[in-house]
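Student: coords please:
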Amino acid sequence: MELTTKKRLELYTGRCHPSLAQEIADHLGMELREPNLREFSNGEIHCRYGESIRGADVFLIQTHGGHVNDSIMELCIMIDAAKRASAKRITAVCPYFGYSRQDRKAEGREPITAKLVIDMLTAAGADRIVSIDLHSGQIQGFFDGPVDHLMAMPLLETYLRDQVGGDVVVVAPDAGRVKVAERLAQHLDADLASVYKKRARGQVEARGVMGEVAGRQCVLIDDMIDTAGTIVAASDILMDHGATGVWAMATHGVLSGPAVDRLKNSRISRVVVTNTLPIPSEKQLDMLEVLSVAPIVADSIRAVFSDSSVSEIFGGENQS
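Tutor: Predicted coordinates for the structure are as follows:
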């Protein structure tokens, strides 16, 4: 018997960020399906695919936002259901990867929770992971399979070229973001600066600036804005050192806790994030600009499905 098989791509979304998933599907020109998720009265999640996915290349889009633990568990259940439905390959598309900041033991008796989340996805049956701007590149090594580490930098770079003129300085808000800030500065042919900070008892204190910022427009670049403590402290010290204005740019707009109030009362004039996470109406700010990562994710899904290079989309710069 001789049989010629055809590859088939199936795209599904969880409930955390369906609007982003629909954008991705629109860019791919295909139908976005739902895994018929529902909850029992005690909160347990149930999933059942409404059509056969046997032999299909299944991509499950679920960012780890909102109630992060629920979104991760929901993704694991979708993966398990797809595996038991005989999907040929299962790719977890997680634009924002939860627990990514817990990627090492900073002190004794701590977990490495990013590794735990990877282990959960592996045990559920994920064959591949796609994510955007992981907090640290080493997380890729936690998964014993392919990890496509995408970058939002092309979006942020294009936005800056279109919106900012004159003398611009790209600023790293702390030592951990210097490499990313340096790469963006090189692309824009701009100068680089960084803020030295100290964190004590949960409070962030900016201590100094390395670089010339007086009389210049500063752009702070980070992977995420969570409570906004770091980015607001950095903006204050930049303005104190004579910057004419400060913008803040980040891939993930977590905006938890006091973030909205801090940003409203800060000296930052514009905040630019992407839509890797849903931003509810109560967190929308006049100063906030949201860029869509859907084209980047769609191009990467197309490359994975066709077995072509994802790195070429980013000029090979996505491997860190």
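
Student: quick one: low-confidence parts of the protein?
Tutor: Regions of the chain meeting the criterion pLDDT under 70 cover residues 4, 198-206, 319-320.

Student: one more time with 80, if that's ok
Tutor: Within the chain, the segments meeting pLDDT under 80 span 1-5, 165-166, 197-207, 316, 318-320.

Student: residue ranges of each domain in it, please.
Tutor: With domains defined by automatic domain parsing, the chain comprises 9-151+294-313, 153-291.

Student: please name whichever of those is nearest to Met1.
Tutor: Comparison of these against Met1 by CB to CB identifies domain 9-151+294-313 as nearest, at 16.3 Å. Just so you know, the C-beta spots here come from the backbone N, C-alpha and C atoms, and that holds for glycine as well.

Student: quick one: end-to-end length of the closest one, please.
Tutor: Distance across domain 9-151+294-313, first residue to last, is 20 Å (CA to CA, to the nearest Å).

Student: dump the domains of the chain into TSV; add mean neighbour count and distance to Leu3 as well.
Tutor: Supplementary listing: the domains of the chain in TSV, determined by neighbours: other CB atoms under 10 Å; distance: least, CB to CB, whole Å:
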stretch	mean neighbour count	distance to Leu3
domain 9-151+294-313	18	11
domain 153-291	18	40
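
Student: strands along this structure, start to end?
Tutor: With DSSP state E as the criterion, the chain has strands at 9-13, 38-39, 45-46, 57-61, 89-94, 128-132, 147-150, 168-172, 191-200, 203-210, 217-225, 245-253, 270-274, 288-291.

Student: turn these into a markdown table, including distance to Leu121.
Tutor: Putting those into a markdown table (distance: least, CB to CB, whole Å) gives the following:
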| stretch | distance to Leu121 |
| --- | --- |
| strand 9-13 | 15 |
| strand 38-39 | 21 |
| strand 45-46 | 16 |
| strand 57-61 | 10 |
| strand 89-94 | 6 |
| strand 128-132 | 7 |
| strand 147-150 | 11 |
| strand 168-172 | 31 |
| strand 191-200 | 30 |
| strand 203-210 | 32 |
| strand 217-225 | 20 |
| strand 245-253 | 19 |
| strand 270-274 | 22 |
| strand 288-291 | 27 |
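
Student: thanks a lot, see you next time.
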